[in-house]
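Undergrad: any chance you could fold what I've pasted below:
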Amino acid sequence: MTPVPDEERRRFAAAVGAAAEAVAELLGRHQVRPGTPVPLAELLPELAAGHRALQTAVDGYAGPLAVDPAGRPEPLGQELAGLMSWLQLLTVHYRGLADVPEPLRVGAGRSFSAAHLAARRVRDRARRLAA
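TA: As a prediction, the model looks like this:
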C-alpha cells in the first residue's frame with residue numbers, strides 16, 4: 001500500500017467533493033417526473049464533465065481508494081466508484097435523446113434518483129474527509 005500524506009488525501013477529498021456537489025446540484029435541478037421534460041441534450045454533457053472531473057481526481061491520487069491509511073475499508077472509494085458508474089450509465093444509455101421517452105421514464109427516474117443520492121453521499125463523505 002502506497003502511503004499518502006494527509007494533505008494529499010484532503011486535496012483529493014476536496015476535489016471529489018466539489019465535483020460530486022456539482023453533479024448533485026445538476027441532478028437536483030433535473031429530476032425525472034411525469035409530464036416534465038428532461039433536457040437530456042443539455043444535461044448529459046454536464047454529467048459527462050462531472051465524470052471526467054471525478055476521473056481526473058482519481059487519476060491524480062497516488063493512494064489506494066479501497067482502504068484508509070490504517071488499512072480499514074474506505075467507504076469513499078466504493079461510493080465514488082458507484083457514483084462514477086451511475087454517471088457512465090446515464091450518459092451512455094440516454095445518449096442521443098432529447099428527452100426521456102415515456103416507456104423509459106420509470107426506469108430513468110430510478111436511475112437519475114440513484115445517481116443523485118450517490119452524488120450527495122460522495123459529496124458529504126468527501127467534505128468530512130477534506131475538513
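Undergrad: point to the residue nearest the middle of this protein.
TA: Leu83 (3.8 Å; Cα atoms, centre = their mean).
Undergrad: look up phi and psi at the most far-flung residue of the chain relative to its centre.
TA: Outermost residue of the chain with respect to the C-alpha centroid, by Cα atoms, centre = their mean, is Gly35; its distance is 26.2 Å. Taking degrees, to the nearest 10, you get phi 80, psi 0 for the backbone angles of Gly35.
Undergrad: before we move on, what about Pro73?
TA: Taking degrees, to the nearest 10, you get phi -60, psi 140 for the backbone angles of Pro73.
Undergrad: buried residues, the helix or strand harbouring Ala48. List them.
TA: Under the criterion of DSSP states H and E, Ala48 resides in helix 40-59. Neighbour-count burial for helix 40-59 flags Leu40, Leu43, Leu44, Leu47, Ala48, Ala49, Gly50, His51, Ala53, Leu54, Ala57, Val58 (criterion: 16 or more other Cβ atoms under 10 Å). Every residue, glycine included, has its C-beta placed from N, CA and C.
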